[in-house]
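1. Make a model of this:
(chains A and B)
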Amino acid sequence: GDSVTQMEGPVTLSEEAFLTINCTYTATGYPSLFWYVQYPGEGLQLLLKATKADDKGSNKGFEATYRKETTSFHLEKGSVQVSDSAVYFCALSSTDTGNQFYFGTGTSLTVIP
Amino acid sequence: KAGVTQTPRYLIKTRGQQVTLSCSPISGHRSVSWYQQTPGQGLQFLFEYFSETQRNKGNFPGRFSGRQFSNSRSEMNVSTLELGDSALYLCASSPHTVNTGELFFGEGSRLTVL
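-> Numbering: from 1, shown residues only, chains lettered A, B, ... in the order given. Predicted coordinates for the structure are as follows:
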């Protein structure tokens, strides 16, 4: 079945460090891929998405490229800020008839000044 | 525009009881999904409703059920509660009918089963 595997956390970085959170997926067909973020005390919200192979999603300085050959969708940011501290979830959706999403277990990121 | 509203936000039940959670989607959104979030398992898909019909169902026992009303509001019910049902239950709505869309999440209903 479809599934998402993402890097275990927690991750602690200093401000302005480079961030990579790995995400790989297993899916039948051609899934759409997403990164969602959950800031402390807030609900999950979409960070970025890519709907087909080689697409790059980007938002708020974060980027992820849909790599079909390696079944990956790694999240990167060149210079993290304290305000990026949150839990990040990789997700996919591959059904053509609904909004069934498969999420990874989440990676907690803490950025220290 | 109001976001996804879930009630109640917190509740405590004992084993064997049943619980009903409510979700009001964003106005105009016809798709409503439910997820169970636990520290070890992450988010697990429960079911999705569109136009009052269950379109997809996750791998949960029959104790978990849901429904959607004509105004798109949705409820989920868990009967015969078990300790393992303690979790954050998230509702998400979407205006899209296919999987390229975005989910808009509520803040969740935190259920504790004693």
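2. Output the lowest mean pLDDT helix or strand found in chain A.
-> Lowest on mean pLDDT, DSSP states H and E among the helices and strands of chain A sits strand A:101-103, with a mean of 91.
3. Each with direction, which strands does the helix or strand following that one pair with?
-> Downstream of strand A:101-103, the first helix or strand assigned by DSSP states H and E is strand A:107-112. Partners of strand A:107-112 in the sheet, by DSSP bridges, are strand A:11-14 (parallel), strand A:86-93 (antiparallel).
4. what sits up against strand A:107-112?
-> A:6-15, A:17, A:19, A:21, A:80-89 (CB atoms under 8 Å, 6 or more residues apart in numbering or on different chains). Every C-beta, even on glycine, is put in place using the N, C-alpha and C of the backbone.
5. same thing but at 6 Å, please
-> Under the contact criterion CB atoms under 6 Å, 6 or more residues apart in numbering or on different chains, strand A:107-112 has outside partners A:6-7, A:9-15, A:21, A:80, A:82, A:84-85, A:87-88.
6. Kindly report the same for stretch B:17-26.
-> By CB under 6 Å, 6+ apart, the residues outside stretch B:17-26 that reach it are B:4-7, B:13, B:32, B:72-79, B:81, B:89, B:91, B:93, B:104, B:109.
7. rerun at 7 Å
-> B:1-7, B:11, B:13, B:32, B:72-81, B:89, B:91, B:93, B:104, B:106, B:109, B:111 (CB atoms under 7 Å, 6 or more residues apart in numbering or on different chains).
8. overlap between those residues and the residues near chain A?
-> The overlap between those and the neighbourhood of chain A (criterion: CB under 7 Å from any CB of the partner chain) consists of residue B:106.
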